[in-house]
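>>> Please find the sequence and the predicted model below.
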Amino acid sequence: MPNATRRTLIATTLGVPFATAAGPRQPARAQQAPLPPVISLVVGAAPGGTTDTLARDVSDVLREQLGRSVAVENRAGAGGNVAAQHVARSAPDGGTLLVAFTSHTLNAAIMRQVPYRPLEDFTPVALLAQLNASVLVVGAGVREADIASFLAAARARRDRYSFAIGGVGSSLHMQTVLFRSALGLSGPEVPFRGTAPALVDVVAGHVDAMFAPVDVAAPLLRDGRVRALAVTSRNRLASLPDIPSLSETVPQVQTAAAWFGVLGPAGIPLPVLTTLNQAIRAALRTPRITERIVHAGGEIPDLTPAQFSTFLARDLALWIEAARIGKVEVQ
């Protein structure tokens, strides 16, 4: 992506007015803005994955909240770009919504071209979840017992440790870039096609370290096949209470968050936007959805559309900076 375009993206935010917090469920149907009889939640991933599962959980609750038919439509392809382009071109009546994930902003930062503008072409509706937690793990070949000794050894010899990349251009790749650049580390980055094969080589000792999703790394941590040095969440995790956060030990390292959210086409009227935002925020308070997100190491920020818009602009700016630092560009 040309530098001028990137500067434009960083500077752009949507001026979406604030919506009020959702009240108790029910009578509100009579006060809701008119919505189409069928609402489509478009998912840019195949059925069965995390984004799809979350979308289906939300759709079940929205049917009751809105009194409408709510269908999940899978349009996988190009890392979410196919689904995003479809929604961006849809009517802004609240009938077609995108269940987006981190790639919505990340793709715009690392790809030479994307078929949409991540901010201008969409109305932010609601942030579903923010997955702040990945975990820095090392294999048996790394002798240092904790993050302090690991960092001391790394600073003594900047090229000492190799890092596995579980997918070039992924949020975990960008987290690795932010970590290594803040600390001036120069050891090799070893790319893999996904998290699982990357972890296999860390376990085998072929690569020293990597950032991995907490839920994926958990079985290996329990078995002692890898060791956790730090988590990227703001605070320590209940599931890993003895593992410090990066903010405790190296506060200069920026942490990147994966996220899931609902976006509509640009231009959704405020009454429709308010109705959708309130219904989705109510859905997120149901035990099944809350438990699913917390189990994955996530949290549910209760954001208005305007706050979600600000979140997206900051997220895009962070990815653009990480891509610049790491010289990451995907064709």
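Nice, thanks for sending it over.
>>> quick one: the helices in this protein?
All helices of the chain, identified by DSSP state H, fall at 3-11, 50-66, 81-88, 103-110, 147-156, 171-183, 195-204, 214-222, 246-249, 270-284, 287-295, 305-326.
>>> what about the stretch 201-331 of the chain, any weak spots by pLDDT?
With pLDDT under 70 as the threshold, the stretch 201-331 of the chain has low-confidence stretches at 331.
>>> Report the angle between the longest strand along the chain and helix 81-88.
With DSSP state E setting the assignment, residue counts place strand 122-131 as the longest strand in the chain. Strand 122-131 and helix 81-88 are oriented at 140 degrees to each other (axes from the mean of the first three to the mean of the last three CA atoms, to 10 degrees).
>>> from the middle of its chain, how far away would strand 122-131 be?
Centre-to-centre, strand 122-131 and its host chain are 10 Å apart (CA atoms, centre = their mean, to the nearest Å).
>>> likewise stretch 44-56?
Relative to where its chain is centred, stretch 44-56 has its mean C-alpha point 14 Å off (CA atoms, centre = their mean).
>>> can you list contacts of that stretch?
Contacting residues not belonging to stretch 44-56 are listed as 41, 43, 72, 74-77, 79-84, 98-101, 103, 128-129, 260, 289, 292-293, 296 [CB atoms under 8 Å, 6 or more residues apart in numbering]. In this view, the C-beta of every residue, glycine as well, is placed from N, C-alpha and C.
>>> buried residues in it?
Buried residues in stretch 44-56, defined by neighbour count with 16 or more other CB atoms under 10 Å: G44, A45, T50, T51, D52, L54, A55, R56.
>>> List the contacts of the residue most central in space within the chain.
For the chain, the residue sitting closest to the mean C-alpha position, by CA atoms, centre = their mean, is A258 at 1.9 Å. Each residue near A258 by CB under 8 Å, 6+ apart is listed here: F101, T102, Q130, L131, S171.
>>> could you redo those residues as a markdown table and give each row neighbour count?
Converted to a markdown table, these look like this (neighbours: other CB atoms under 10 Å):
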| residue | neighbour count |
| --- | --- |
| F101 | 26 |
| T102 | 23 |
| Q130 | 21 |
| L131 | 23 |
| S171 | 24 |
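>>> quick one: which of the residues you listed is nearest to I268?
Distances from those to I268 were compared by CB to CB; the smallest belongs to F101, at 20.0 Å.
>>> Now which of the contacts of stretch 44-56 would you call buried?
With burial judged by 16+ other CB under 10 Å, the buried subset of the contacts of stretch 44-56 is 41, 43, 72, 74-76, 79-81, 83-84, 98-101, 103, 128-129, 260, 289, 292-293, 296.
>>> State whether L62 and R281 are indeed in contact, as I suppose.
No. Using CB atoms under 8 Å as the test, L62 is too far from R281 to be in contact (11.1 Å).
>>> for the stretch 1-150 of the chain, which spans come out with low pLDDT?
Counting by pLDDT under 70, the stretch 1-150 of the chain contains low-confidence ranges at 1-32.
>>> go again using 90 as the cut-off
By pLDDT under 90, the weakly predicted segments of the stretch 1-150 of the chain are 1-34, 46, 48-50, 65, 78-79, 112, 130-133.
>>> ends of stretch 203-218, how far apart?
Between the opening and closing residues of stretch 203-218 there is a gap of 13 Å (CA to CA, to the nearest Å).
>>> Also stretch 240-253?
Distance between the two ends of stretch 240-253: 20 Å, counting by CA to CA.
>>> can you list contacts of that stretch?
With contacts defined as CB under 8 Å, 6+ apart, stretch 240-253 is touched by 135-136, 147-148, 151, 178-179, 182-183, 214, 221, 228-237, 255.
>>> Turn the helices of the chain into CSV, including distance to L119.
Formatted as CSV, the entries for the helices of the chain read as follows, by distance: least, CB to CB, whole Å:
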stretch, distance to L119
helix 3-11, 7
helix 50-66, 20
helix 81-88, 11
helix 103-110, 8
helix 147-156, 36
helix 171-183, 18
helix 195-204, 29
helix 214-222, 29
helix 246-249, 28
helix 270-284, 16
helix 287-295, 25
helix 305-326, 6
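>>> out of those, deepest packed?
Mean neighbour counts were taken over these using mean count of other CB atoms under 10 Å, and the top value, a mean of 26, falls to helix 103-110.
>>> follow-up on the earlier one: mind giving me the packing neighbours of the longest strand of the chain?
The criterion is 3 or more CB pairs under 8 Å, 6 or more residues apart in numbering; DSSP states H and E, and the helices and strands that strand 122-131 contacts are helix 50-66, helix 81-88, strand 96-101, strand 258-265, helix 270-284, helix 305-326.
>>> again, only using 10 Å
Strand 122-131 sits against helix 50-66, helix 81-88, strand 96-101, strand 258-265, helix 270-284, helix 287-295, helix 305-326, with contacts defined as 3 or more CB pairs under 10 Å, 6 or more residues apart in numbering; DSSP states H and E.
>>> pretty sure A76 is touching F101, no?
No. Using CB atoms under 10 Å, A76 is not in contact with F101; the gap is 12.0 Å.
>>> Give the residues shared as contacts by those two.
With contacts defined as CB atoms under 10 Å, 6 or more residues apart in numbering, the residues shared by A76 and F101 are V43, G44, A45, G49, T51, A83.
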